[in-house]
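Engineer: structure, please.
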Amino acid sequence: MSAPLPPPDGRSLAGRIAIVAAPTEQATEAMARLVSAYGNATLDEARMVVALGGDGLMLETQHRLLGRNLPVYGMNCGSVGFLMNDFREDGLPDRLALAQAAILHPLRMRAFVGLGEPVEALAINEVSLLRETRQAAKIRILIDGKRRLEELICDGVLVSTPAGSTAYNLSAHGPIVPLGANLLPLTPISAFRPRRWRGALLPAEAQVVFEVLEPEKRPVAAVADYTEVRDVRRVEVREDRGVALTMLFDPDHGLSERIIAEQFTV
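Structural biologist: Sure thing, here's the model as predicted:
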């Protein structure tokens, strides 16, 4: 799942590093210092991208780079920074050259509103369905064409990637999933009925379909990372193995290790 990136001395990365930053004072000041020390390549010239900020910037950067297949090395200039490395100015090319790659596959959402074409979007963290009003949502769940839950009454429900299992999924009391497990957490959000249902772990190749019941009375929105579609009637979710995203981590603190460690955090 992870492998060292050549070259070990980082010399061939000179002039090939693109740097982006969140619009915060801490991140923009850090970017100015790094650009002064290492330059700032365009995305067309770059072999790697350094993202300065928090997890939100990492997700935003990966969405911007879809189709470019550029690895992204994040340095934390935010708060949580689960997807980021520690910020240090010295020795950046060598850190990049020795970094390990975590290859992620996003979820593809197809959201149907009316009789028109569905809205499609990719999610690196999760696809979530959320009630729009004070009325609880009623949602039917199908897995690979088979009805698995006839009616879930809830505030919402989500499908998460393994990388996203430590984000909203964990806040909703869903399970943390290691990167190599080939599983997708399916987690209810404040389920009312069935009260004891806590979700499921699905094979990575599963196709999940949500059918919204009583949509006029109980409208539901679907959200795939930054894309929100309101008043959906049906939402299809599956892992898109045709899209690969690369995040880089220092060898002593890779993403797989972070996900395992998070399960022992109290």
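Engineer: show the average pLDDT along the longest helix seen in the chain.
Structural biologist: Longest helix in the chain, counting residues (DSSP state H): helix 25-38. Helix 25-38 comes out with an average pLDDT of 95.
Engineer: output the contacting helices and strands for that helix.
Structural biologist: strand 17-21, strand 48-53, helix 92-98 (3 or more CB pairs under 8 Å, 6 or more residues apart in numbering; DSSP states H and E). Backbone N, C-alpha and C define where each C-beta goes, glycine included.
Engineer: would you map the strands across the stretch 51-200 of the chain?
Structural biologist: Using DSSP state E, counting those that start in this stretch, the strands of the stretch 51-200 of the chain run over 72-76, 100-104, 107-112, 119-123, 126-131, 137-143, 146-154, 156-160, 183-189, 200-203.
Engineer: and those strands, which is most packed in?
Structural biologist: strand 156-160 (a mean of 27; mean count of other CB atoms under 10 Å).
Engineer: distance from the chain centre to it, please.
Structural biologist: 13 Å (CA atoms, centre = their mean, to the nearest Å).
Engineer: that one: partners in the sheet, and parallel or antiparallel?
Structural biologist: strand 126-131 (antiparallel), strand 183-189 (antiparallel) (DSSP bridges).
Engineer: for His173, see how far away Ile260 is.
Structural biologist: Ile260 sits 19 Å away from His173, going by CB to CB, to the nearest Å.
Engineer: oh, I was asking about Asp250
Structural biologist: In terms of CB to CB, Asp250 sits 30 Å off from His173.
Engineer: what's the answer for Glu228, then?
Structural biologist: Taking CB to CB, one finds Glu228 at 23 Å from His173.
Engineer: nearest to Glu89, out of the strands of the stretch 51-200 of the chain?
Structural biologist: Closest of the strands of the stretch 51-200 of the chain to Glu89 is strand 72-76, at 9.3 Å (criterion: CB to CB).
Engineer: tell me which other helices or strands that closest one touches.
Structural biologist: strand 48-53, helix 55-64, strand 245-249.
Engineer: can you tell me what sits against it?
Structural biologist: 30, 48-54, 57-58, 61-62, 65, 81, 83-88, 95-96, 99, 245-249 (CB atoms under 8 Å, 6 or more residues apart in numbering).
Engineer: make it 7 Å
Structural biologist: 48-52, 54, 58, 61-62, 65, 83-87, 96, 99, 246-248 (CB atoms under 7 Å, 6 or more residues apart in numbering).
Engineer: what do you get for stretch 204-213?
Structural biologist: 129, 138-144, 151, 157, 159, 182-184, 186, 202, 220, 232-239.
Engineer: mind listing what's buried along that stretch?
Structural biologist: 206, 208-213 (16 or more other CB atoms under 10 Å).
Engineer: could you dump those to a markdown table with distance to Glu117, pLDDT and secondary structure?
Structural biologist: Putting those into a markdown table (distance: CB to CB, whole Å; pLDDT from 0 to 100; DSSP: H, G, I helix; E, B strand; the rest coil) gives the following:
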| residue | distance to Glu117 | pLDDT | secondary structure |
| --- | --- | --- | --- |
| Ala206 | 24 | 97 | coil |
| Val208 | 20 | 98 | strand |
| Val209 | 17 | 98 | strand |
| Phe210 | 18 | 98 | strand |
| Glu211 | 18 | 98 | strand |
| Val212 | 18 | 98 | strand |
| Leu213 | 23 | 98 | strand |
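Engineer: closest one to Val177 out of these, please.
Structural biologist: Taking the buried residues of stretch 204-213 together and measuring to Val177 by CB to CB, the closest member is Ala206, at 13.3 Å.
Engineer: TSV for the strands of the stretch 51-200 of the chain, including mean pLDDT and distance to Tyr38?
Structural biologist: Below are these laid out as TSV (pLDDT from 0 to 100; distance: least, CB to CB, whole Å):
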stretch	mean pLDDT	distance to Tyr38
strand 72-76	95	12
strand 100-104	90	20
strand 107-112	98	34
strand 119-123	96	30
strand 126-131	98	34
strand 137-143	98	48
strand 146-154	97	48
strand 156-160	98	35
strand 183-189	97	38
strand 200-203	97	42
